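Asker: Starting from these lines, generate the structure:
(chains A, B, C and D)
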Protein chains: 4
Amino acid sequence: MIRLPPGIDVPITPRVRALVDTPEFRRLAKISQLGLVSLVYPAARHTRYEHSLGVYRVALGFLSRLGADERFAALVGPADAELLLAAALLHDLGHWPFCHPIEDIRLPKTPEHEHFANSFLLEGEVADTLRDDWGVNPRDLVTLLSGKPTDRKSRLLQTILSGPIDVDKIDYLMRDSLHAGVPYGRNFDEARLVMSLCVNQAGDGIAITEKGKTAAEMMVFARYVMFSEVYWHHTVRSATAMLQRAFYLLHKGLDLDALFRMSEQTMIDAMTTAAGDGPAAELLDGLFGPTRVLYKRLAQYSLFEQPELYGRLARKPYPWLARCAEQFASVASTRLGRIVAPHEVLFDSPPVELEVEFDIDVYYPKERCYRRLGEVSPVVRTLAREQFDDYVKRVRLFVHPRVAEDLRRLKNLPDLLAEAIDRT
Amino acid sequence: MIRLPPGIDVPITPRVRALVDTPEFRRLAKISQLGLVSLVYPAARHTRYEHSLGVYRVALGFLSRLGADERFAALVGPADAELLLAAALLHDLGHWPFCHPIEDIRLPKTPEHEHFANSFLLEGEVADTLRDDWGVNPRDLVTLLSGKPTDRKSRLLQTILSGPIDVDKIDYLMRDSLHAGVPYGRNFDEARLVMSLCVNQAGDGIAITEKGKTAAEMMVFARYVMFSEVYWHHTVRSATAMLQRAFYLLHKGLDLDALFRMSEQTMIDAMTTAAGDGPAAELLDGLFGPTRVLYKRLAQYSLFEQPELYGRLARKPYPWLARCAEQFASVASTRLGRIVAPHEVLFDSPPVELEVEFDIDVYYPKERCYRRLGEVSPVVRTLAREQFDDYVKRVRLFVHPRVAEDLRRLKNLPDLLAEAIDRT
Amino acid sequence: MIRLPPGIDVPITPRVRALVDTPEFRRLAKISQLGLVSLVYPAARHTRYEHSLGVYRVALGFLSRLGADERFAALVGPADAELLLAAALLHDLGHWPFCHPIEDIRLPKTPEHEHFANSFLLEGEVADTLRDDWGVNPRDLVTLLSGKPTDRKSRLLQTILSGPIDVDKIDYLMRDSLHAGVPYGRNFDEARLVMSLCVNQAGDGIAITEKGKTAAEMMVFARYVMFSEVYWHHTVRSATAMLQRAFYLLHKGLDLDALFRMSEQTMIDAMTTAAGDGPAAELLDGLFGPTRVLYKRLAQYSLFEQPELYGRLARKPYPWLARCAEQFASVASTRLGRIVAPHEVLFDSPPVELEVEFDIDVYYPKERCYRRLGEVSPVVRTLAREQFDDYVKRVRLFVHPRVAEDLRRLKNLPDLLAEAIDRT
Amino acid sequence: MIRLPPGIDVPITPRVRALVDTPEFRRLAKISQLGLVSLVYPAARHTRYEHSLGVYRVALGFLSRLGADERFAALVGPADAELLLAAALLHDLGHWPFCHPIEDIRLPKTPEHEHFANSFLLEGEVADTLRDDWGVNPRDLVTLLSGKPTDRKSRLLQTILSGPIDVDKIDYLMRDSLHAGVPYGRNFDEARLVMSLCVNQAGDGIAITEKGKTAAEMMVFARYVMFSEVYWHHTVRSATAMLQRAFYLLHKGLDLDALFRMSEQTMIDAMTTAAGDGPAAELLDGLFGPTRVLYKRLAQYSLFEQPELYGRLARKPYPWLARCAEQFASVASTRLGRIVAPHEVLFDSPPVELEVEFDIDVYYPKERCYRRLGEVSPVVRTLAREQFDDYVKRVRLFVHPRVAEDLRRLKNLPDLLAEAIDRT
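Answerer: Numbering: from 1, shown residues only, chains lettered A, B, ... in the order given. Model prediction:
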């Protein structure tokens, strides 16, 4: 048993123990789940190690429920179930520190973390343990985690690992919420949701019965609130923009493959070394140095209130945003008659992908029919299409505190910004 | 101190104690908050006494926060605050057992419970205590609770007692959820919500600041889920329809004024006596007798799936619905060749009023402006306009178990129903 | 499924449903678990119906764990397990309202509630359902619940139903605590305790492994705190003493067998009718009438602080205590020069049995030996031998509020009391 | 506001913010509260930064309650209260990583952490902020935190910071319990305890009223369980023994003053560098390296079961224990015919101080007298005198896994141990 909050005993059999004790898995104990969020929610320091154990526990619950479903049981045998459990436990093995912000920069060199994971899964102690103790071919695990299978069984198993209602989200919403000290991501009635699991109409994915509909709505809503209040908290976005800029400034000089195999602290140390006396040093020092110095919000634009400026900045490629911020620094320097350094201005803009998925079947046993969740739930539809991406995510301008006061006195900020955009 | 779940100490000063110990208030200890819900959620047996103490506690929190708001403090003095506290404590004094289902029948004789309350407030021990120990004129309390004041101060205080975010809802959502054993109505971050309270733009109602916006959305969502899973649970609706019919059958022979002053059990006893051997006796016995016999759901129609039938039955006056059910029993009797008694068929239909209110201002301090919650929150807008009334509330046909099987075998139920409607 | 607080889904199979829907079981929905406690903790109104479902759920957990224990599985087969589940569900069937206070009076006519239960179990719908749906001989159930079997298997099963760590206590400590709104009886790590269950050395009772030792200590401690703060709260004792006196005054005129088959409210009504205008009427009216009038504490004596007076009054038969209180009323009347009526004085004294049981084996797997919990845990030993009965339970004198002030002015109360004792 | 689990908003005024943002305070965000415990409870990674904010919040509650106590208010003015708040916030400033295990070694060079703290408090940004923003003389703060004042007021304030019921323990028991995922240290009814605070008989310390007695017992019990299951968990002790030996081996070559000013990770890095290829390297690598290798328990001895061996090893100075372990390694090497390296054997022995304090007054308002908690509570007395130190803390022998199996096969381990003790 390993005890996790909130009072959960994760059963640890010898072969689970063997995986958990590999250096590859142990590394997850040195990577925090939420990265920079702890600069705002200081208790949110939980690790991907804890989360991975939590996901494994949720997967046990899924299998226990789905094992009683005839259509599931006809398709998924004991060996498949074990493969799924191993995949649940190891699904984050390829995560590197600050994975999501770095991926959002979309540098051509950045590996996808699913593929990056393969090197951890196909060689070394994890692969040995899978083969020897689990009777699992590591390549099958890799396929399940990141392949594009066409057979129904594999696609069904994949939806358990990644989909609108998956073992990963159920754990992280609860766990992130718990450690941050907020009620938002908990309390979506996990037990009810899991009890309602079944197989979808096509037979290639999980679905829920009518009894789980409200719980599913609660989970979609919980996810929205966690994004609004935690993951996309404006101060978290400031820190994220700082890290992204520092990484962007340094990336050409970094050995990414080595870097991404490190623990969080080691990676910070490596980046700090690489930064030397350059502009990235100040950004990293503000995040990780003795004193926390976070950039201030100069302005924010939402689709709802400032559609035009929002439209010109949202979902732009990072290099363009960085150049645009640089142009803005230059424009502002001229206007203020003092130098605003390029790295003192950061533009934060919603990334390309939409976050809320809700594409899941709801089964109505009395009528023996399936309907889409989005079809039977206006609230889910609204969360997915409007509230989430259009209201929570905003374009924001962050600036170093030392220039914030001067910049706030600038008149016609939108015009200056338009000028910077035009120049980019 | 009186201790209430979940671990709350309600401070009881001598003059609060004096009110709480009056027979009028003590009567609330013999009226359950949720009435028939305990037939489905057996632990939901909490009383209006407990709830009233809970509302009083929430009101203390509101005042503690709003007292620090300049505009509020300029308008509301200590005497007003005490009046408000007394009103919070006594707001349910006029509730009689099964108040809401009986009001939904809309009999001309039924008093409004706010007005019915006046007799409890203006005479007897409560009135004496208010005058002697609180220095409060009972008539002022009555005005605050059920008047239509035009001055800003009174309207402001009224929105604390009854509005989209009021002391009543905050307590009952949490408390009903807690006792039912469900997570749905809790966890909307009451502390955050209360901390964000301020005065609205017009100065005649409470509002919230931007910081409370997500908590407000959570509360609106919590209310939706409680309706969906508890208050409008289909079995609760069956029991409600049974009680309504029994009351409707009996009401001409009942002394409503005396009845509504009783405790819950005494009222049940009085109704049972009045029912004698008539059809209401079977309905009451199924609800309150030694064996629970609840009517079965024969069919349900929603705006979304069966708009036509829904449209013909929703929001109809109770007498019409009762007659229509009678017609249906007659039609079905003919078709089946056996008698279906009129009281064996009950039609349950959404009442006239919409439930979700969201008409509250949100204050944005940086921009010094107010916006409507419905304007800045698509999810609240959707909950209020679509999800709630159109998706949760349905038209339902309930029938006695002894006829259910036969009736389920009937072909063309919609046609029979249309025939019954046409005849009514 | 039936949902109970705190968020538990009790699985209800058709044959469990059949038992739960009998009038005998349904009657438990009209008997509160804690009786008079709700006069102090107003939310503690949960029923024996709810508790019985909770005990059934805990029993499922016990069996799930013990089924994996070789020695248990060798002894207890599927039919035994089903018998145990039925017994867990039905263990309280013979409870009547205010059962414990009435039993503590120890009237010769009072049936033991275990034996009283037999009439509910051996005839009527419960017996039919057991035979027809469960394949259980009702007599076997009666034997398991209240017999004195000599075979190891039956004794083992009995310790699950009643012992230091049993399914009943695990549920009621948690549930009473939850509804009262106090943390005291929860949080003893039920999951850990259940996971540590095994069979004792003799093979005729359950035991715990070393891993459960701390959880067992926590449960013993939780029980102590619940007694101290809830069950033996001094105001609860006042109400209890009032009820006991009323019942004692009335019992000769009551048909106990009929009375004890009633619901709580019906029994109160019957006692009130029997009381007429006699002294019991005032006692019952103070407890159950429109206004709560509880007797005041005049004095209390503990073994620790007033060993002599405590020794003369503790663990005395109820008739003696009633006579002694009467003598005290007479002595006090003389001294005060005004009449103190006999029923205005109540003596409350610890009953004969000690409450804390801790006689359970702890198994140490490394050393392959068993030790008694009291032997390896000084804190359990102390709770059982000293703290509980000597410190929590006290001798108390309660008097009607109308005479309290006068009596409090009496000098030399201990002397008057000694005089009353001498006269009795 | 800073949000901490479980759902607490810590109010952050500008001058609290100023302290919290100093590098000295920020350093606490890089020191974990429980050090090696996260090797066993993986979620227990919370920091002294979080804890310090939590203690500050508890101190606000203490002052809010005690401010209403006449005797307290007569002695402690607003300036004293502010000094206390600053002290609560800064009480851990002098903690270095792994402080307690290192202090238990009792090296002459090790600074006391209270005194070590002075350098952080008397100079640098914290001192400036105290002087400029708080109007507090840093020297007064140092005196309050670590002086031996003789005036009643200062002694009273000190008992709030450190005593049987202090702001530190109330936060850490709850917080450690929460993050570890165990219920043990929570749920001691903090609100009730704080509500019962008053001044002791002598006027130089806090006390509790009778109403808080049970909560105080619960807190003492909670502390016992946390020690038993978390702080002194046998695997935590193994890790602790490993760290202590590594530090003991390295300490002569370390610049302790510099080391103790580092963050946790930096200190680990510094020790690892100092260890080079020596025996300490293996110990540190087992704790902090890519693979977790913890020493196995070879034997344990308790006062209760093996009084003689326990008596010869308990409460011995660390250098003696290290030599004795070395002798044992030598004796075992001879017996096994293979080399057991000195650092492969670790002896863990209870330190000198007893842990449970319970020396607090309980005030009985009706009798207007004070009694000691230990006097009125047998359970507290037992926990303090017997259970805690004699039952929880044991002498343990830990050995490297690579030699564990061989050593376990040794016959007459106690004799070998006696031989090693004799030789030391």
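Asker: Report the contact partners of the residue nearest in space to the middle of chain A.
Answerer: Using CA atoms, centre = their mean, the residue of chain A that lies closest to the mean C-alpha position is A:His100, 5.6 Å off. Counting by CB atoms under 8 Å, 6 or more residues apart in numbering or on different chains, A:His100 touches A:Gly35. All C-beta atoms are positioned from the backbone trio N, CA, C, and that covers glycine.
Asker: what's downstream of whichever strand or helix holds it, the next helix or strand?
Answerer: Assigned by DSSP states H and E, A:His100 belongs to helix A:99-105. Sequence order places helix A:113-122 as the next helix or strand after helix A:99-105, per DSSP H and E.
Asker: Quick one: mean pLDDT over the helix holding A:His100.
Answerer: Mean pLDDT, helix A:99-105: 92.
Asker: Buried residues, it. List them.
Answerer: For helix A:99-105, a neighbour-count test (16 or more other CB atoms under 10 Å in any protein chain shown) marks A:Cys99, A:Pro101, A:Ile102, A:Asp104, A:Ile105 as buried.
Asker: cool, and stretch A:231-247?
Answerer: Taking 16+ other CB under 10 Å as the criterion, stretch A:231-247 shows A:231-233, A:235-247 as buried.
Asker: which residues of chain A fall in strands?
Answerer: A:2-4, A:8-10, A:197-199, A:206-209, A:296-301, A:345-348, A:361-364, A:369-372, A:395-399 (DSSP state E).
Asker: And the third one, what does it pack against?
Answerer: Looking back up the chat, that one is strand A:197-199. For strand A:197-199, the elements it packs on are helix A:48-66, helix A:70-75, strand A:206-209, judged by 3 or more CB pairs under 8 Å, 6 or more residues apart in numbering or on different chains; DSSP states H and E.
Asker: quick one: strands adjacent to that strand?
Answerer: strand A:206-209 (antiparallel) (DSSP bridges).
Asker: for the record, mean pLDDT for the partner strand?
Answerer: Mean predicted confidence for strand A:206-209 is 98.
Asker: just stretch A:80-90 next, same as before
Answerer: Per-residue scores along stretch A:80-90 average to 98.
Asker: do the same with stretch A:339-359
Answerer: 84.
Asker: interface residues of the stretch 101-250 of chain A facing chain B?
Answerer: A:182-184, A:186-189, A:214, A:217-218, A:221, A:224-225, A:228-229 (CB under 8 Å from any CB of the partner chain).
Asker: A:Glu386 reaches B:Ser377, doesn't it?
Answerer: No - contact between A:Glu386 and B:Ser377 fails when scored by CB atoms under 8 Å: they sit 9.7 Å apart.
Asker: who's more crowded, those two?
Answerer: Between A:Glu386 and B:Ser377, B:Ser377 has the larger neighbour count (other CB atoms under 10 Å in any protein chain shown), namely 24 against 17.
Asker: Show the contacting residues for the closest residue to that one other than its chain neighbours.
Answerer: The shortest distance from B:Ser377 to any non-neighbouring residue, by CB to CB, 6 or more residues apart in numbering or on different chains, is to B:Glu217 (5.5 Å). Residues near B:Glu217 by CB under 8 Å, 6+ apart: A:Val225, B:Leu373, B:Ser377, B:Val379, B:Val380.
Asker: let's go with 10 Å and repeat that
Answerer: A:221, A:224-225, A:228, A:387, B:188, B:358, B:373, B:376-380, B:383 (CB atoms under 10 Å, 6 or more residues apart in numbering or on different chains).
Asker: now those residues in a markdown table, with distance to A:Arg335?
Answerer: Output for those, formatted as a markdown table (distance: CB to CB, whole Å):
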| residue | distance to A:Arg335 |
| --- | --- |
| A:Phe221 | 44 |
| A:Tyr224 | 39 |
| A:Val225 | 39 |
| A:Ser228 | 34 |
| A:Gln387 | 37 |
| B:Phe188 | 45 |
| B:Phe358 | 43 |
| B:Leu373 | 38 |
| B:Val376 | 32 |
| B:Ser377 | 37 |
| B:Pro378 | 37 |
| B:Val379 | 40 |
| B:Val380 | 41 |
| B:Leu383 | 46 |
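Asker: So which of the residues you listed sit within helices?
Answerer: A:Phe221, A:Tyr224, A:Val225, B:Leu373, B:Val376, B:Pro378, B:Val379, B:Val380 (DSSP state H).
Asker: Which one of those residues is nearest to chain C?
Answerer: Comparing the ones in helices among the contacts of B:Glu217 against chain C with CB to the nearest CB places A:Phe221 closest, at 18.1 Å.
Asker: Tell me which residues touch that closest one, please.
Answerer: A:184, A:188, A:379-380, A:383, A:387, B:217-218, B:221-222, B:224-225, B:379, B:383.
Asker: got it, and A:Ala86?
Answerer: Here A:Ala86 is in contact with A:15-16, A:19, A:56, A:59, A:121, A:126, A:129-130, A:133-134, A:136, A:138, A:140-141, A:144-145 (CB under 10 Å, 6+ apart).
Asker: any idea how far it is from chain D?
Answerer: Remark: distance between A:Ala86 and chain D (CB to the nearest CB, to the nearest Å) = 19 Å.
Asker: try A:Asp189
Answerer: Taken as CB to the nearest CB, the span from A:Asp189 to chain D is 19 Å.
Asker: any chance you could read off phi and psi for that residue?
Answerer: Per-residue torsions, A:Asp189: phi 60, psi 60 (degrees, to the nearest 10).
Asker: And for it, nearest residue in space, chain neighbours not counted?
Answerer: A:Ala215 (4.3 Å).
Asker: shouldn't the one you found be in contact with A:Val380?
Answerer: No - counting by CB atoms under 10 Å, A:Ala215 does not reach A:Val380; the two are 11.9 Å apart.
Asker: Let me know the outermost residue of chain A.
Answerer: Chain A, farthest from centre, CA atoms, centre = their mean: A:Gly337 at 41.0 Å.
Asker: OK, contacts around the residue lying closest to A:Leu63 once chain neighbours are set aside?
Answerer: Counting by CB to CB, 6+ apart, A:Ala81 is the residue found nearest to A:Leu63 once chain neighbours are left out, at 5.3 Å. Counting by CB under 10 Å, 6+ apart, A:Ala81 touches A:Ala59, A:Leu60, A:Phe62, A:Leu63, A:Ser64, A:Leu66, A:Gly67, A:Phe72, A:Ala73, A:Leu157.
Asker: how much space between the residue nearest to B:Ser377 and A:Glu305?
Answerer: Distance of B:Glu217 to A:Glu305, given as CB to CB, to the nearest Å: 18 Å.
Asker: pLDDT weak spots in chain A?
Answerer: Scanning chain A for pLDDT under 70 picks out A:352-357.
Asker: tell me which parts of it are close to chain C?
Answerer: A:1, A:3, A:7-9, A:11, A:187, A:189-192, A:195, A:211 (CB under 10 Å from any CB of the partner chain).
Asker: hmm, try it at 8 Å
Answerer: Checking chain A against chain C by CB under 8 Å from any CB, the hits are A:Met1, A:Gly7, A:Asp9, A:Ala191, A:Arg192, A:Met195.
Asker: buried subset of the residues you listed?
Answerer: A:Gly7, A:Arg192, A:Met195.
Asker: Can you tell me which of the residues you listed is nearest chain D?
Answerer: For those, the nearest to chain D is A:Gly7 (5.6 Å; CB to the nearest CB).
Asker: Roughly how far does the closest residue in space to that closest one that isn't next to it in sequence sit from D:Val225?
Answerer: Counting by CB to CB, 6+ apart, D:Gly181 is the residue found nearest to A:Gly7 once chain neighbours are left out, at 5.6 Å. For D:Gly181, the distance to D:Val225 (CB to CB) stands at 14 Å.
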